[in-house]
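# coords below, sequence missing:
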């Protein structure tokens, strides 16, 4: 019985070592691949400003001289802007 347990333990340790080695290799490959990423041409910035005590969130993306677009979202409670058609 003791011989069987030591064989199982040895097998378990071997599998554990192999899993550890594979995870270390994958982590090293991930780190080297990370350095090869190219920066984006036009990064996206997430910002907030304070207007009359309210915190307003907005996003800036694209080239500085590109076209400007705005998007307004309303909540379900805001019935004055809800479309009835």
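Done, it's in. This one's a predicted model, so the numbers in the text were calculated from it and none came from an experiment.

# who touches stretch 57-77?
With contacts defined as C-beta atoms under 8 Å, 6 or more residues apart in numbering, stretch 57-77 is touched by 42-49, 81-82. Quick note: C-beta positions are derived from backbone N, CA and C, even for glycine.

# chain center to the host helix or strand of residue 49, what's the gap?
Using DSSP states H and E, residue 49 maps to strand 45-51. The chain centroid and the centroid of strand 45-51 are separated by 21 Å under C-alpha atoms, centre = their mean, to the nearest Å.

# cool, and stretch 53-73?
21 Å.

# can I assume residue 42 sits in a strand?
No - Residue 42 sits outside any strand when classified using DSSP: H, G, I helix; E, B strand; the rest coil, being coil.

# can you tell me the average pLDDT over the next helix or strand after the strand holding residue 49?
Using DSSP H and E, the next helix or strand after strand 45-51 towards the C-terminus is strand 54-60. Here strand 54-60 scores 90 as its mean pLDDT.

# strand 54-60: which residues count as buried?
Within strand 54-60, no residue counts as buried by 16 or more other C-beta atoms under 10 Å.

# who does that strand pair up with?
With DSSP bridges as the test, strand 54-60 is paired with strand 45-51 (antiparallel).

# quick one: contacts of the strand it pairs with?
55-61.

# low-confidence ranges in this protein?
1-4, 31-37, 74-85 (pLDDT under 70).

# 50 - rerun?
Along the chain, the parts satisfying pLDDT under 50 run over 85.

# need the contacts of stretch 57-77 in a markdown table with distance to residue 27 and neighbour count, can you?
Putting those into a markdown table (distance: C-beta to C-beta, whole Å; neighbours: other C-beta atoms under 10 Å) gives the following:
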| residue | distance to residue 27 | neighbour count |
| --- | --- | --- |
| 42 | 31 | 11 |
| 43 | 27 | 9 |
| 44 | 28 | 9 |
| 45 | 31 | 9 |
| 46 | 29 | 9 |
| 47 | 34 | 9 |
| 48 | 36 | 10 |
| 49 | 40 | 9 |
| 81 | 51 | 9 |
| 82 | 51 | 10 |
